[in-house]
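Asks: Starting from these lines, generate the structure:
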Amino acid sequence: MTTVVEQAVDYDLVREVRERVGEALQQRRRVQESGGRPLSEADLNALALSIIEDDLQALSAQRINSGQIPLSLQEEERLTRAVLAALVGAGRLQPWLDHPDVENIDANGFDEVFVSYFDGREEQVGPIAESDEDLVEMVRVLAATSGLSSRPFDSSNPQLDLRLPDGSRLSAVMEVSHRPSISVRRKRLKVARLADLLANGTVTEEIGSFLSAAVKARLNLMIAGEVNSGKTTLLQALANEIPRRERLITIERSLELDLHLLKDLHPNVLALEERLPNLEGQGYVSMASLVRRSLRSNGRRTIVGEVLGDEVVAMLNAMNQGNDGSLSTVHANSSEDVFQKLSTYAIQAEERLPIHASQLLIANALTLVVFVQRDEDPVTGRQRRRVTSIREVNGYADERVTSSEIYRLDENGNDTVVPHAPVTDRTRMRLEKHGFSTADFDYPGRW
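Replies: As a prediction, this is how the structure comes out:
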């Protein structure tokens, strides 16, 4: 299928113009920076745009002089966007990043490209590079210009996770796969709020009120789910329930929560990002060390974007040392699976905690586990995301975490309170201080 994104762009011409403009851009850039003042990103884009426009005007004049049809206004606009993207953007991937309806982009090599949309549609589209080598080079350019620090992508570092300027997450692999491949996950909601999740069916009104009160009551929450289930979006929505007076510290492998950009909601945020080692193996700053650093940064709450390794011990210790109200996410297959997953990470961490010690640490740190699930709507056939389970941590017994499921969806997708699993008095009192009555938890079927 040919889409609006792909139509009427002559990429052979784009390549020719890019080569000419690229040389002119480097020359003009060197001249302007000769005074010791580097160009800002906005200045560089403006300079590139000016040179592109001059080149295309000269191209049209050349065509007229040789008796050919000049470029139309529409052709000039499309070429300008394509050349600018090739110079300072993501090349032929850029139109898909700019497309408002695109959710995910998966490329198995430069020419096997699949796009999925927010409404559930999927389609195969045209190439996003000239060759596999060009695809690798495009990823390297993005890695050098996105995020807080440059990230290598080469034979020594064949895997890459990156946050793009628009907030999308890019994952790339080479040499460990049959072809260099990328996956891009877009963010649908730039500023996610619980009201948005209520509108799209991720949470019910009661669950939204419950989670809002849980955040304001400073309960420690772990959001769990499978890949692409909406964990990060739910995390941002819950973080946006935190009162604006509180200083927040976010810790991520690549920045995507964007709380530090939401000045109206969170004026005091320190955003920390993991730094990978350079080609000499120097300069590595781990997630675990950033979590430990956060304890010295006067944060009221610590938010760890996703737990994937040994940072789990530092994070759980932070929750145990007074950072109540902390939030994080973890990949898991169910709300109950979370405790085993966290223990597995803790066992592999530098501290090498035995299973019983890790379980005790988890039991003392976490209050609630919120499980969000992606499935298919049986009526429309489209993908949907919903909170399907909430589990309260009760304590520690027989060398394991004890918990009770206080909310779940039944097999038919209906809201059901699990019988005989009331909220503990400790949690009940903290929630009620923030305006949420837990009485309905004691009466199955009321939700």
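
Asks: from here on, contacts and neighbour counts on C-alpha atoms
Replies: Noted.

Asks: which sections of the chain are below the confidence cut-off?
Replies: Using pLDDT under 70 as the threshold, the predicted model of the chain has low-confidence ranges 1-8, 33, 35-41, 88-89, 144-151, 187-190, 278-280, 322, 410-421, 440-447.

Asks: For it, just list every one of the helices.
Replies: Under the criterion DSSP state H, the chain contains helices at 11-33, 41-65, 73-88, 94-98, 132-145, 194-199, 205-216, 231-239, 287-294, 311-320, 337-348, 355-365, 425-432.

Asks: closest one to residue 251 among those?
Replies: Of all the helices of the chain, helix 287-294 sits nearest to residue 251, with 6.8 Å by C-alpha to C-alpha.

Asks: Residues touching that closest one, excluding its own?
Replies: Under the criterion C-alpha atoms under 8 Å, 6 or more residues apart in numbering, residues 249, 251-253, 272-274, 302, 304, 310-315, 318 lie in contact with helix 287-294.

Asks: neighbouring contacts of stretch 193-207?
Replies: Taking C-alpha under 8 Å, 6+ apart as the criterion, the residues outside stretch 193-207 that touch it are 208, 234, 236-238, 240-241, 384-387, 447.

Asks: which of those has the most neighbours?
Replies: Across the contacts of stretch 193-207, neighbour numbers were computed from other C-alpha atoms under 10 Å; residue 387 holds the maximum, 27 neighbours.

Asks: ok, it to residue 375 distance?
Replies: According to C-alpha to C-alpha, to the nearest Å, residue 387 and residue 375 sit 11 Å apart.

Asks: could the helices of the chain be laid out in CSV, adding distance to residue 398?
Replies: Formatted as CSV, the helices of the chain follow (distance: least, C-alpha to C-alpha, whole Å):
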stretch, distance to residue 398
helix 11-33, 65
helix 41-65, 58
helix 73-88, 58
helix 94-98, 51
helix 132-145, 47
helix 194-199, 37
helix 205-216, 28
helix 231-239, 31
helix 287-294, 29
helix 311-320, 20
helix 337-348, 14
helix 355-365, 9
helix 425-432, 22
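
Asks: quick one on the thing from earlier: and which of the contacts of stretch 193-207 is nearest to residue 329?
Replies: In terms of C-alpha to C-alpha, no member of these lies closer to residue 329 than residue 234, at 9.4 Å.

Asks: Please name the residues that touch that closest one.
Replies: For residue 234, the residues meeting the contact criterion (C-alpha under 8 Å, 6+ apart) are 192, 194, 197, 223.

Asks: same thing with residue 132?
Replies: Residues in contact with residue 132, defined by C-alpha under 8 Å, 6+ apart, are 109-110, 179-180.

Asks: could you redo those as CSV and give each row neighbour count and distance to residue 257?
Replies: Supplementary listing: the contacts of residue 132 in CSV, determined by neighbours: other C-alpha atoms under 10 Å; distance: C-alpha to C-alpha, whole Å:
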residue, neighbour count, distance to residue 257
109, 22, 29
110, 23, 29
179, 15, 30
180, 21, 27
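
Asks: Which of those fall in strands?
Replies: Using DSSP state E, no member of those sits in strands.

Asks: if we can go back for a sec, compare the helices of the chain and give me the one nearest residue 167.
Replies: Relative to residue 167, the nearest member of the helices of the chain by C-alpha to C-alpha is helix 94-98, separated by 10.0 Å.

Asks: now what about that closest one, what contacts it?
Replies: Contacts of helix 94-98 with the rest of the structure, by C-alpha under 8 Å, 6+ apart, involve 5, 85, 102, 105, 186.

Asks: export these to TSV and tack on distance to residue 153 and neighbour count?
Replies: Rendered in TSV, the data for these read as follows (distance: C-alpha to C-alpha, whole Å; neighbours: other C-alpha atoms under 10 Å):
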residue	distance to residue 153	neighbour count
5	28	15
85	20	18
102	25	22
105	19	22
186	21	22
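
Asks: Include distance to residue 51 when you put these into a markdown table, please.
Replies: Output for the contacts of helix 94-98, formatted as a markdown table (distance: C-alpha to C-alpha, whole Å):
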| residue | distance to residue 51 |
| --- | --- |
| 5 | 24 |
| 85 | 14 |
| 102 | 31 |
| 105 | 31 |
| 186 | 31 |
